[in-house]
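Asker: This is a predicted model, with the sequence first.
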Amino acid sequence: MLVGPQTSGRRAERWKGLEIVCPALVTMSHSPLMGYTEPAGEARRRVDAAFETARGFIARFDPDLVVLFGPDHYNGFFYDMMPPFCVGAAAESIGDYDTPAGDLSVDHETAVALTQAALDAGVDVALSERMYVDHGFAQPLQLLFGGLDNVPVVPVFINCVAEPLGPPRRSRLLGEALGGAVASAGRRVVFLGSGGLSHDPPVPTLAGATPEVTEQLIGAGRSLTPEQRAARQMRVIQAGRDYAAGVSTIQPLNPEWDRHVLAVLAAADFETVDGWSTDWFTEQAGHSAHEARTSIAAYAALAATGPYTVASSFYEPIPDWIAGFAVTTAQPA
């Protein structure tokens, strides 16, 4: 059973005619380059306005729990044991790219219960009692909630970079399994998806990697020295600057693909989602476009509670951040 700290001791069994507290949704792109490169023109102002809209939406909803779907960039999860999904019952941010470091305010009891709910629904997930997360989780908590520990959270890792990857529909199934379970517990929950749309930054792959990079991807990356981490981050920052200057071989952003994905999710067209393939994501929008799986999971979680409507939707391709950048909010219809 799911028990929340704000439910005054009420206990609720899943799926049995309970009082439902309406959930809400926010999805957002993240980028490690947001604090290091300045996009051209008024893009920063427009992004800031979109985040202000999302913060206002969250403030009006006043959540007592955030279920945060996010990826990792070989900072917390490695090939020594790479799960497709993992729920964090405790989590710590490593503080990369000037995001906050430290413990997240994880609702342990709900995290364990949601793991069981996913397993009951036939979705295999791992459980971590010591999850390490990077900017993919810390940045949304920083930008939307002002810090890591200002709201109870259940972090849900979705593998979006380490091949082989399952089909995108698996993320839809994960979202469905968690969505109805947590909402039926009488919680004011926000489903938050953190991940980019089209982008192909210089994230290493195991295939063809040098022996040194292979060791880092398998697990040595956990123990990078500050100097090694700084050098790694500078390579990404320089890649963003080269891409914005037009002197990079990085795969171009694909605004048409981005807008299509946003439109399909806004329409709750999960039949189309189920037809998407991993190869199609990579070919159309780059290796890191698989981070859109976090938005698929978040929208599927909201859909599990009933029909929804999109309250706000911002999108802009931002080469300086190597990101098709979006911020959306949605609520039950």
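Answerer: Cool, got the structure. These numbers were taken from a predicted model, which means no experiment stands behind them. Numbers count the residues shown, from 1 in each chain.
Asker: Would you map the strands across the chain?
Answerer: Here the chain has its strands, by DSSP state E, at 24-28, 65-70, 85-88, 91-94, 101-103, 126-128, 131-133, 153-158, 189-194, 308-318, 323-332.
Asker: A298 is nearest to which of these?
Answerer: Of all the strands of the chain, strand 189-194 sits nearest to A298, with 3.4 Å by CB to CB. From N, CA and C alone the C-beta is placed, and that goes for glycine too.
Asker: about what we covered before: what would the strands of the chain look like in a markdown table with distance to P164, mean pLDDT and mean neighbour count?
Answerer: What follows is those, written out as a markdown table (distance: least, CB to CB, whole Å; pLDDT from 0 to 100; neighbours: other CB atoms under 10 Å):
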| stretch | distance to P164 | mean pLDDT | mean neighbour count |
| --- | --- | --- | --- |
| strand 24-28 | 25 | 98 | 27 |
| strand 65-70 | 20 | 98 | 28 |
| strand 85-88 | 14 | 98 | 26 |
| strand 91-94 | 25 | 98 | 22 |
| strand 101-103 | 31 | 98 | 12 |
| strand 126-128 | 16 | 98 | 18 |
| strand 131-133 | 22 | 98 | 23 |
| strand 153-158 | 14 | 98 | 28 |
| strand 189-194 | 22 | 98 | 30 |
| strand 308-318 | 28 | 97 | 18 |
| strand 323-332 | 24 | 97 | 24 |
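Asker: any chance of those in JSON lines, with distance to L178 too?
Answerer: Converted to JSON lines, these look like this (distance: least, CB to CB, whole Å):
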{"stretch": "strand 24-28", "distance to L178": "13"}
{"stretch": "strand 65-70", "distance to L178": "6"}
{"stretch": "strand 85-88", "distance to L178": "8"}
{"stretch": "strand 91-94", "distance to L178": "16"}
{"stretch": "strand 101-103", "distance to L178": "22"}
{"stretch": "strand 126-128", "distance to L178": "13"}
{"stretch": "strand 131-133", "distance to L178": "16"}
{"stretch": "strand 153-158", "distance to L178": "7"}
{"stretch": "strand 189-194", "distance to L178": "8"}
{"stretch": "strand 308-318", "distance to L178": "16"}
{"stretch": "strand 323-332", "distance to L178": "16"}
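Asker: closest to A40 out of these?
Answerer: Going by CB to CB, the one of the strands of the chain nearest A40 is strand 308-318, 8.7 Å.
Asker: Figure out how far that closest one is from the centre of its chain.
Answerer: Offset of strand 308-318 from its chain centre (CA atoms, centre = their mean, to the nearest Å): 16 Å.
Asker: tell me the angle of the helix-or-strand element of the chain with minimal mean pLDDT relative to strand 308-318?
Answerer: Ranked by mean pLDDT, DSSP states H and E, the helix or strand of the chain with the weakest confidence is helix 226-244, at a mean of 87. Relative orientation of helix 226-244 with respect to strand 308-318: 90 degrees, computed using axes from the mean of the first three to the mean of the last three CA atoms, to 10 degrees.
Asker: Of all the residues in helix 226-244, which ones are buried?
Answerer: Across helix 226-244, burial judged by 16 or more other CB atoms under 10 Å covers R229, R232, Q233, V236, I237, A239, G240, Y243, A244.
Asker: number of nearby residues for the residue lying closest to the second one once chain neighbours are set aside?
Answerer: Once its chain neighbours are removed from consideration, R232 has its nearest residue in L224; the separation is 7.0 Å (CB to CB, 6 or more residues apart in numbering). L224 sits with 16 neighbouring residues when counted by other CB atoms under 10 Å.
Asker: picking that back up, what angle sits between the least confident helix or strand of the chain and strand 323-332?
Answerer: 90 degrees.
Asker: and for helix 226-244, what are the contacting residues?
Answerer: Applying CB atoms under 8 Å, 6 or more residues apart in numbering, the external contacts of helix 226-244 come out as 32-33, 36-37, 39-40, 96-97, 201-202, 224, 248, 250, 319-322.
Asker: Using CSV, list the CA coordinates for it.
Answerer: What follows is helix 226-244, C-alpha atoms only, in CSV (Å, rounded to 0.1, in the frame of the first residue of the first chain):
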residue,chain,number,x,y,z
PRO,A,226,38.2,16.5,-9.9
GLU,A,227,40.7,17.3,-12.7
GLN,A,228,39.4,14.4,-14.9
ARG,A,229,35.8,15.5,-14.3
ALA,A,230,36.6,19.1,-15.2
ALA,A,231,38.4,18.0,-18.4
ARG,A,232,35.4,15.9,-19.3
GLN,A,233,33.0,18.8,-18.8
MET,A,234,35.2,21.2,-20.7
ARG,A,235,35.1,18.8,-23.7
VAL,A,236,31.3,19.0,-23.7
ILE,A,237,31.3,22.8,-23.3
GLN,A,238,33.7,23.2,-26.2
ALA,A,239,31.6,20.9,-28.3
GLY,A,240,28.6,23.2,-27.7
ARG,A,241,30.6,26.2,-28.7
ASP,A,242,31.9,24.5,-31.9
TYR,A,243,28.4,23.4,-32.8
ALA,A,244,26.9,26.8,-32.3
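Asker: now that helix: how far from the chain's centre is it?
Answerer: Here the centre of helix 226-244 is set off from its chain's centre by 22 Å, with CA atoms, centre = their mean.
Asker: Now, of the contacts of helix 226-244, which are buried?
Answerer: Here, 16+ other CB under 10 Å leaves 32-33, 36-37, 39, 96-97, 201-202, 224, 248, 250, 319-322 buried among the contacts of helix 226-244.
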